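**Student:** Next one to model:
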Amino acid sequence: MNLIQYTLQFSREKVSQSDMNKAENSGVVQKKPNGKWGIISKQKGEWWDADYETEEKANNALKAYHAGKWFKKN
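**Tutor:** Okay, here's the model as predicted:
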């Protein structure tokens, strides 16, 4: 693990319990406390590092992430 990976590991913003409950009920794309849209990692209980201006952009990023996982398998 290099220094950047080590730093990022500890700098991700934790998700509040109420936001985790929202993610369980209505999906991982949620409005962040800073007013921007973000994606919750339910496995880690953290926000992804990126902020998105719109819900649509956050959803597109999530779709791209899942498409990339499919391509790695095949």
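
**Student:** if we look at the longest helix that the chain contains, which residues are touching it?
**Tutor:** Longest among the helix segments of the chain by residue count, using DSSP state H, is helix 55-73. For helix 55-73, contacts defined as CB atoms under 8 Å, 6 or more residues apart in numbering pick out 28, 29, 31, 37, 38, 39, 48, 50, 52. Where you see a C-beta, it was placed from the backbone N, CA and C, and this is true even at glycine.

**Student:** Now do that helix, average pLDDT.
**Tutor:** Averaging pLDDT along helix 55-73 yields 87.

**Student:** How far off centre is it?
**Tutor:** Its chain's C-alpha centre and that of helix 55-73 lie 11 Å apart, by CA atoms, centre = their mean, to the nearest Å.

**Student:** follow-up on the earlier one: can you say which of the contacts of helix 55-73 are buried?
**Tutor:** Buried residues within the contacts of helix 55-73, counting neighbours by 16 or more other CB atoms under 10 Å: 28, 29, 37, 38, 39, 48, 52.

**Student:** who's the third one bridged to?
**Tutor:** Beta-bridge partners for residue 37, by DSSP bridges, are residue 31, residue 52.

**Student:** ok, now which ones touch residue 54?
**Tutor:** Shown here is residue 54, whose contacts under the criterion CB under 8 Å, 6+ apart are residue 37.

**Student:** Alright, that wraps it up for me.
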